[in-house]
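Enquirer: Attaching a predicted model along with its sequence, questions to come.
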Amino acid sequence: MARPPESAAWYRRIEGLPIIAVLAALIVVFMISAPHVFLNARIYLAFLSDVPPLLVLGAGLTLVVAAGEIDLSFPSVVAFSGYLLAYCVHELGQTALAPVAGWLGLVAALAGGALVGWVNGILVARLGIPSIIATLAMQFFWGGITTVISGGLSYSLTEADQFAVWHVLVGRVGNFPMQAVWAFGFAAFTWLILNRHRFGEHLLFIGDNAAVARVVGVDVEREKVRLFVAMGVAAAFASVLLTLENREFFNTQGGGYLLEVMAAVFIGGTSVFGGQATVVGSVAGSFIIGLVEAGLVATGLQGFWVRAVVGIVFIAALVFHMLMDQPARRAALFRMLRGRAEGREGSPSAHSMGSFSSKGGEK
Amino acid sequence: MNGSPAAPAADFRYIVRTEKLDMTFGMVRALTQVDFAVGRNEIVGLIGDNGAGKSTLIKVLSGVLRPTSGRIWVRDRLIDPDDYSVRMAHELRIETVHQEKSLGEKQPLWRNMFVGRQITDRFGFIRIKEERAIADRMLRTAIGLRGAGISVDSTVRDLSGGERQGIAIGRAMHFEADLIVLDEPTVALAVSEVRKVLHFVETIKQSGRACIYIEHNLANVYDVADRLVIMDRGRLVGDFARGQMSLNDLTEHMISLHEERAGGTAA
């Protein structure tokens, strides 16, 4: 039986190192293909102002996937919470409540996200509806509700920077966008919860095997409700950063995030089967998604190419993670490639080995 | 055994006892009038065919299932079935090692040892250093897996079947269980692995704890059990102290039960 040595090599202990290397390699590639853009600090400041909502969503979704669940409703939370914020800023900003309208908007947005998450949690944990279906239904529902209560209108929030909340959350310190500070802070907090907190450990065991979690005394249903509430709040926070940065609310905002966030999480190396998850990987994955988009356009390829290239990076990352995590598969792949090579040279011996191992297994 | 804490002094006669336990699932009677008891520091082998009611009985004892009727005492104290649960059983220091369902496959051993009962600060953050140190001590002393190339960072899927049972049993002993229930721990194990598990059962006995050992294979349980209890179709049909019957006679007895049942269904 193959066992990892007592102390694994230092580079294996750094979480998400392979995917960070991929991110670095991509940056180098773009530095070569589009030096005028990628050797200038401006593009990186642009990333730091644009990627944060994606990063916050990715960190939150990492917890959900760790527990073996999925949440498809977060795009509607980005819309719904964005509306609550915009309403407070735009409508209450004209009233006597104006001095606190921005903060009220923040609280309302987070509370709205928590509500959506709580409903998700009840549907999944208490009623036992698979999360992929329950949250898909809720994606329709809350998206529809947002359209109804906003009357299908957009809000222009050009006056947003008159509110303190704007400066605190998405203002600039020198050139540095504040939302990057908040997003990294949120990701660090999520990392601590997943890797250092009792709640995170419970999520990992639930994702690993819910029956085991139950036997060792984890209240699986309660933890799942908390999980979906946390994801709802994360999505609401992402929505606040997005809406304030854009100084605009429109009732379909967030729709584009669904696939991008899932791609970021899985590119980062979190296992779709649950029980294994990396927040660091999701952060790197978020930047890879943002980078490919900006990088391709800067390189001179048409915007049409973006999705195709994201797809290639995505599938390459999945194969890469599989080969890193499963030595047996890696060996099998190398054996197959070697067998092919030998086969071409006319040696059929590569396949005959297999027949020995299937004999004599004990019952 | 210097690593595992000694079992507490006993001010009770039976660690667990049932009276007239009935359990029905719809039309099926899984348990019928079961009177069962385990004394302190007693290893009870529970044997019987598939569907004899062994698993149902221990699920009732460990708080997973609520009996249809009947009474349960833990340490000679009558239990209210309405608030008996897995958590409550843990508090009463009854631990069950379910086959295949006790450990998180992808998680490191130190997490597996403490999950559900983590050592945390008041904000719920795990004291990882402390947990790892205790887990390491458990591996080296209590469980006796020293030198097998296993560390607290090994994941469960790196372990053999026997080693997994060892980890689960070691965990139960660490949390000072007075009664450890083993649900068919040797199923699907190689012979050498079975020997390891039997060694763990002896460790339970030496540490002053009691054990209910559910087993399919009479030969495995015969040597380690102080008492053998035979179940058949939801009833207790035999209760033999160690040495009261030879392994051969017991085997004959089991076969006769089997034939009786076959005859019964034919009639």
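Expert: Arrived safely. Keep in mind that this is a model prediction, so the values were computed, not measured. Numbering: from 1, shown residues only, chains lettered A, B, ... in the order given.
Enquirer: CA atoms for contacts and neighbours, from now on please.
Expert: Fine.
Enquirer: and the stretch 101-250 of chain A, which of its residues are near chain B?
Expert: By CA under 8 Å from any CA of the partner chain, the residues of the stretch 101-250 of chain A that approach chain B are A:193, A:196-199, A:201-202, A:204-205, A:208-209, A:211-213, A:215-218.
Enquirer: do that again at 7 Å, thanks
Expert: Applying CA under 7 Å from any CA of the partner chain, one finds that the stretch 101-250 of chain A approaches chain B through A:Arg196, A:His197, A:Arg198, A:Phe205, A:Asp208, A:Asn209, A:Ala211, A:Val212, A:Val215, A:Val216, A:Gly217, A:Val218.
Enquirer: Which of the residues you listed ranks first by neighbour count?
Expert: The residue in these with the most neighbours, by other CA atoms under 10 Å in any protein chain shown, is A:Phe205 (32 neighbours).
Enquirer: okay but that residue is in contact with A:Ala213, surely?
Expert: Yes. A:Phe205 lies in contact with A:Ala213 (CA atoms under 7 Å); the separation is 5.5 Å.
Enquirer: can you count the residues close to B:Asp183?
Expert: For B:Asp183, using other CA under 10 Å, the count is 22.
Enquirer: circling back: which single one of the residues of the stretch 101-250 of chain A next to chain B is nearest to chain B?
Expert: Taking CA to the nearest CA as the measure, chain B lies nearest A:His197 of those, at 4.2 Å.
Enquirer: Enumerate every residue touching residue 62.
Expert: With no chain named, the answer covers chain A. Contacts of A:Thr62 were listed using CA atoms under 7 Å, 6 or more residues apart in numbering or on different chains, and they are A:Val265, A:Ala277, A:Val279.
Enquirer: um, chain B though
Expert: Contacts of B:Ser62 (CA under 7 Å, 6+ apart): B:Val86, B:Ala89, B:Ile94, B:Thr96.
Enquirer: one more time with 8 Å
Expert: Counting by CA atoms under 8 Å, 6 or more residues apart in numbering or on different chains, B:Ser62 touches B:Ser85, B:Val86, B:Ala89, B:Ile94, B:Glu95, B:Thr96.
Enquirer: Wait, the last one touches B:Asp178, no?
Expert: Read it as B:Thr96. No. If you go by CA atoms under 8 Å, B:Thr96 and B:Asp178 don't touch, sitting 11.1 Å apart.
Enquirer: ok, the contacts of A:Thr62 vs A:Val310, which is closest?
Expert: The nearest member of these to A:Val310, counting by CA to CA, is A:Val265 at 13.2 Å.
Enquirer: Look at the closest one and say how many residues are nearby.
Expert: Using other CA under 10 Å, A:Val265 has 31 neighbouring residues.
Enquirer: low-confidence ranges in chain A?
Expert: Within chain A, the stretches with pLDDT under 70 are A:1-12, A:341-363.
Enquirer: Could you find the closest non-adjacent residue to the residue nearest the centre of it?
Expert: Nearest to the mean C-alpha position of chain A, by CA atoms, centre = their mean, lies A:Gly58 at 1.8 Å. The shortest distance from A:Gly58 to any non-neighbouring residue, by CA to CA, 6 or more residues apart in numbering or on different chains, is to A:Val261 (5.4 Å).
Enquirer: and the gap between the one you found and chain B?
Expert: To chain B, A:Val261 is 24 Å away according to CA to the nearest CA, to the nearest Å.
Enquirer: Is that residue in contact with A:Leu54, as I believe?
Expert: Yes. Proximity of A:Val261 to A:Leu54 meets the contact threshold set by CA under 8 Å, at 6.2 Å.
Enquirer: Return every residue with contacts to both of these two.
Expert: A:Ser286.
Enquirer: still on that earlier bit, residues that sit against both of A:Phe205 and A:Ala213, list them.
Expert: Listed contacts common to A:Phe205 and A:Ala213 are B:Gly104; contacts here mean CA under 8 Å, 6+ apart.
Enquirer: element containing the residue nearest to A:Gly58, please.
Expert: helix A:257-267 (DSSP states H and E).
Enquirer: Pull the contacting residues for B:Lys20.
Expert: B:Thr32, B:Gln33, B:Val34, B:Asp35, B:Ser69, B:Gly70, B:Arg71.
Enquirer: With distance to B:Asp226 as new columns, can those be given to me in a markdown table?
Expert: Shown next, in a markdown table, are the contacts of B:Lys20 (distance: CA to CA, whole Å):
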| residue | distance to B:Asp226 |
| --- | --- |
| B:Thr32 | 24 |
| B:Gln33 | 23 |
| B:Val34 | 20 |
| B:Asp35 | 18 |
| B:Ser69 | 29 |
| B:Gly70 | 26 |
| B:Arg71 | 25 |
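Enquirer: which helices and strands sit right next to the helix holding A:Val261?
Expert: Under the contact definition 3 or more CA pairs under 8 Å, 6 or more residues apart in numbering or on different chains; DSSP states H and E, helix A:257-267 sits against helix A:52-66, helix A:74-91, helix A:279-299, helix A:305-325.
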